[in-house]
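[1] with the input below, show me the fold.
(chains A and B)
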Amino acid sequence: MKKPLKHVLLALMLGASTATIAIAADVAPAAGPARSSGASRPHWAYQPVQRPAIPEVERKAWVRSPIDSFLLAKIEAAKLSPSQDADRTAFIRRATLDVSGLIPEPEDVAAFVNDASPDAYEKLIDQLLASPRYGERQARRWLDLARYADSAGFQNDVTRPNFFRYRDYVVQSFNEDKPYSRFIQEQIAADEIAPGDQKALVATGFLASYTDNPNARDLIGRKYQITTDITDTIGTAILGTTVGCARCHNHKSDKITQKDYFSLQAFFANTAFDEKIPAAKGEQEIAYEKALAKYETAAKDILDKQKAIIAQIRDKASSFYKERYNPDARASIFKPKSEWNALDRWVNYRADVVTDQPALANYLRDIANDAQSPDHTPEAVAKWAEYQKLTEELKKFEKLKPTRGADTFTAATELGHSDSPPTYVYFGGNHERPLDEVQPAFPEAFANGETPAITPTAASSGRRTALANWLTSPSNPLTARVFVNRVWNEYFGKGIVGTVSDFGKAGDKPTNPELLDYLANSFVDGGWSIKKLHREILLSSAYRQSSAHRDDVAAVDPENKLLAVFPRKRLDAEQIRDSFLQASGRLEGAIGGPAVYPPLPANLNVGPAWEASNDPHEINRRSLYIFARRSVPYPLLETFDLNNPQQAHSKRDVTTTPLQALTLVNNDLVFQWSQALAGRVIREAGADEGARLERLYQILFSRSPDAYEKSLLQAFLDEHEKLIGAKPSDGKFSIAVPTGKDVSTTNPIRASAFVDLVHTVANSNEFIYRF
Amino acid sequence: MSKTRREWLFNAGYGLGGVALNGFMPGGGVFSVPLAQAAATFVDPLTKKAPHFAPKVKSVIWLHMDGAPSTLDLYDYKPELVRLAGQEVPESFLKGLQVTTSGGAGKLFASKRTWKQYGQSGAWFSDLLPNLAQHADKITFVKSSVTVGATHDISILKLNTGDVTPGRPSLGAWITYALGSANPDLPPYVVLYSGKREPRGGSVNWSSGFLPAVYQGTAFRPGASPILNLDKPELIAAAQQRDNLDLLRKLNEHKSGEQPSDTELQARTRSYELAYRMETSAPEAVDLSKETAATKALYGLDNDATKDYGTALLRARRLVERGVRFIQVVSGSVDGISDDNKNWDAHRKLEENHGANTRAIDKPIAGLLADLASRGLLDETLIVWTSEFGRTSYGQSGDGRDHNPWGYTQWLAGGGLKHGLTYGATDEIGLKTVENPVDTYDLHATVLQLLGLDHLKTVYLRAGRAERPTVVYGKVVGDLLA
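    You can find the predicted model right below:
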């Protein structure tokens, strides 16, 4: 009774679709060793991964991979049978969307359908995994967990112009099939394990993606919040545990104490970030510097004058700016450098990097405006007036300033020192109430006795390397399980552990613990190869099943926990936009580089936070490359349950709202894509309307329209043509027609009706779901 | 596991031992379906849900004064501050405060206010709010507000979401999650703002955080078409779109034969009809053309200084009439301020800044209170006048004030309150709360209470943790309630 209650509880709390609900799934109690019932036994997820025996099954012919045996054993135990294979058209649409995030082209579908060779499926899957689209798709998943964004968040939400490098690092890592272990090590400790290697260093953008407000006055508090964010992100993303719960109190359901938690924070005690490391000069950097030079040359006179004004007041202004910090930070800031300890070093570095010219200019403004200030002089008033005048003049050069790109990169650093500030347990998580000091250590509950082997380097504490090594040690009970479960979740809509980021006691139990351990074990044995993991799942019979409804399954297993039917899934935000662009023939295939700003809806005025582009080469890029501004999530994507980049985002929700319908029906860009798709269909199918419908269905759904659809659509065209023809005209008769090169239409009104038809078919459920 | 987490949740959270699903969640009755079916059935996440107990109000209008007004110059009259103006802050007043003003706390500063008591309650108002003062007896003052943070971003997040870093749901999102929608033709949680630009920080302020995105606020933009993508594409006529949607329904229904029990797909098909209705209902909700000249004048729509904010508040009233649950109004920058900060953030030139800002809001808010009262809506609406923090008793830059999270005034008006009450107090110079502190969590708990929601039982399970709107804090300020 316990288990169903949990489901209903979640369902009620969400009041939402099943797809948003993490469902645990013990239809039949897991066979094999009891895992977490005994009070003395450690929690199942904290025990080492075992290589389970592959169960015996009756339908041996169905088994293509051990994965199938593990599932089939339970399906057979429930007296069910697996579903038959999906037809090839459905399979290729499913696999292409899952692996690359895009719909397949009709030619790819035809080639696969007509491939009579015995390894047709293997060839298809290998092709998909070899395509750079694979890395883009998988990167998006990881970036959700990394709470990646191109801006810092909070009210000012300042741009992080070089963070695209971290995104590109992630894409490239997936495409190269970098072992997951190395991938983790680089993201946590590249500055220690690969110093000087820019390609690896940008990986630490994973740590650096915390939300930040450079103008915070509470620097000690900020340091604590940054460390908290990093620690909790690693807990969620890599370990799949809710360690963050133990910050304010000992964990209520898992054996994680506050001491464990702060011992984990201690690995980051000495970590700072340099957001302005000069980058190796490639094409992008050279272009950026050229653009910047153009601006700086044009505005040189003004910029120099402003600099000169600030230079005259620099010392006073910078000490004035420092005065605004909380007393605890001021104690560090006003201490002579010779007396700095590790904490002072961090505080001063932070204060230094956030004090820019506008911050210094505030001093001038204040003394000029405040007649009572001891620094208030006629010269100060004149200087401020001059400075303001120059700022005003500068505005006419604003247009020249490059809005994208950077010649720097961001990476973690320990500021050249190996000694770390002390870390304390904080009473109730309040950093103003320190208790005992703690040393770096792994949480006892799942460390299985391992302790960190910390070797300081000349320039760094070595703490993060020790953490990274433990996270990626084959004996770590969580890292591999958590990751393979995430991949499973992407393919089957729910994880073997439904709560993908909580493998603790409060989380769901695995529905098939042997399968989970089989996957985790093979993953580590296979050298942490992510592509091998994907390949095995993609080529399993389980993944090949049809998603067609079955009464017998619905009766016995209404939530489809056994996976005797393949679960259909709403496309996520990026799949919808990218596939629509792909269908329209407009998708730009360029990989990587600075983020782009496609147009926003007309009535959304966010000022300089979003300088929209008109360049089709930019605005039609994949969604992955759209600027991730924390305060302005791109609306078209946001409405389809985009990740929230403020914190690690574990799983995309699926909600269904009228605002989504409004977006797909009314958004100007989407409508233009439909016009372009109509143009493409006409161009590729020729004059025959039946051929056009056939082509449209092949592009959108990888299938032919059936007789009912053909007659329905044909009738719609006739009626709709009349409707448009009867449209009241205000002197000039305006209609939307198909667009694109070589689109010849003899009857523009019927062509306009065809645009509406295309737009409507693309809005249908079949396009927004994959089956 | 002798006692599982979920049992704990079940018992502690809901005070029940049995399987009374109705007690689980507001509106549990809606979900009283066989267990196995419950999770497999797609339920509209915005389905109207019943509260925990009888609510006092149906809607909330949350008036956020962005930039933080000096409530010392509006409501919190301190003769002692006037007397001590120009002197250093006596050390005793600064005890325990993390003063972050450049150069430390400045000298005590008094502005050129004149003060008067109004109404039966005798509440104090300065000369900056002559119109609002007429409604003194409708207002419940909290003169002991406290919060955390010394910068706007941190404290605004805390005001809206209860945390100092981004990621938690805003109060409006929690309410939408708990109560659903009372009018499917409009979003249940609407954000309005004055000024030309989106509020700073944008959607972070009305985010659904870790709740599904469906519960986030929908920003209504100025102009006739308040929601993004509400207007048809330029060249598509209404009849044409209707015809398209009919075709769409047929296409979806045709395919649904393959997934006969898939309620999620059915909901998606239905969502297009809702969208179609919203194309009409949303512009109608903000169309002020049918309002009388007298009503418009009441909100100050006939005056440039008040038109912007007045329009937002008149829209707010229309949304209340249409069953919108939570209306978050963010004040924008106003004209007539020479400084960079055109919101309430008067580090300098307080006189000019607050002169312009109070001019912009005084008449509209007074108009809103009067209008709601005359339509019989005030008793079922809650108005909250709030800000991220207050401002210091000591001056800054000679003629401004710095941020003050230690003691400032907020007020409530509407149903379920003790009207004319003044609750809590700051010290003699108005710097720090000395009795009955009310933190943002307490305010949130109180707002939820008035909506019929127990803040301890409004929970969402996330990664093994029962999250609630008040994090791990908060108490209902019972003394405010009638």
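[2] so A:T204 belongs to a helix, correct?
    Yes: counting by DSSP: H, G, I helix; E, B strand; the rest coil, A:T204 falls inside a helix.
[3] B:L377 contacts B:E321, doesn't it?
    Yes: at 7.0 Å, B:L377 counts as touching B:E321 under the criterion of Cβ atoms under 8 Å. Quick note: C-beta positions are derived from backbone N, CA and C, even for glycine.
[4] break chain A into its domains for me.
    Annotated domains of chain A cover A:2-84+A:478-568, A:194-279+A:411-471, A:283-405, A:668-770 [automatic domain parsing].
[5] please read the previous query as pertaining to chain B.
    Looking at automatic domain parsing, the domains of chain B come to B:1-41, B:59-224+B:288-480, B:237-286.
[6] most packed of those domains?
    Mean neighbour count (mean count of other Cβ atoms under 10 Å in any protein chain shown) peaks for domain B:59-224+B:288-480 among the domains of chain B, with a mean of 21.
[7] that one: end-to-end distance?
    By Cα to Cα, to the nearest Å, the extent of domain B:59-224+B:288-480 from end to end equals 18 Å.
[8] list phi and psi for B:I327.
    Note on B:I327: backbone dihedrals following degrees, to the nearest 10 are phi -120, psi 110.
[9] wait, what's in contact with it?
    Counting by Cβ atoms under 8 Å, 6 or more residues apart in numbering or on different chains, B:I327 makes contact with B:S59, B:V60, B:I61, B:W62, B:V190, B:V191, B:L192, B:A316, B:L319, B:V320.
[10] picking that back up, worst average pLDDT in the domains of chain A?
    Among those, domain A:2-84+A:478-568 has the lowest mean pLDDT, at a mean of 82.
[11] in three-state terms, label residue 49 for me.
    Picked chain A for this. coil.
[12] my guess is it contacts A:V524, does it?
    Yes: the criterion here is Cβ under 8 Å, and A:V49 meets it with A:V524 at 7.3 Å.
[13] separation between A:I626 and A:F767?
    Plainly put, A:I626 is 21 Å away from A:F767 if you go by Cβ to Cβ, to the nearest Å.
[14] sorry, slip of the keys, the one I care about is A:P748.
    From A:P748 over to A:F767 the distance is 26 Å, taken as Cβ to Cβ.
[15] next step: the contacts of B:I327 restricted to helices.
    Members of the contacts of B:I327 lying in helices (criterion: DSSP state H): B:A316, B:L319, B:V320.
[16] nearest to chain A among these?
    Sorting the ones in helices among the contacts of B:I327 by distance to chain A puts B:L319 at the head of the list, at 16.3 Å, by Cβ to the nearest Cβ.
[17] ok, now which ones touch the closest one?
    Contacts of B:L319 (Cβ under 8 Å, 6+ apart): B:S59, B:L186, B:V190, B:A285, B:I327.
[18] give me the residues contacting whichever helix or strand B:G172 is part of.
    Using DSSP states H and E, B:G172 sits within helix B:171-179. With contacts defined as Cβ under 8 Å, 6+ apart, helix B:171-179 is touched by A:15, B:25-27, B:46, B:48-49, B:51, B:60, B:62, B:160-162, B:169, B:188-189, B:191, B:206-209, B:211, B:215-217, B:325-326, B:328, B:444, B:447-448, B:451, B:453, B:458, B:460, B:469.
[19] all strands of the stretch 51-200 of chain B, in order?
    B:59-64, B:115-118, B:123-126, B:139-146, B:189-193 (DSSP state E, counting those that start in this stretch).
[20] kindly provide the distance from A:Y288 to chain B.
    To chain B, A:Y288 is 27 Å away according to Cβ to the nearest Cβ, to the nearest Å.
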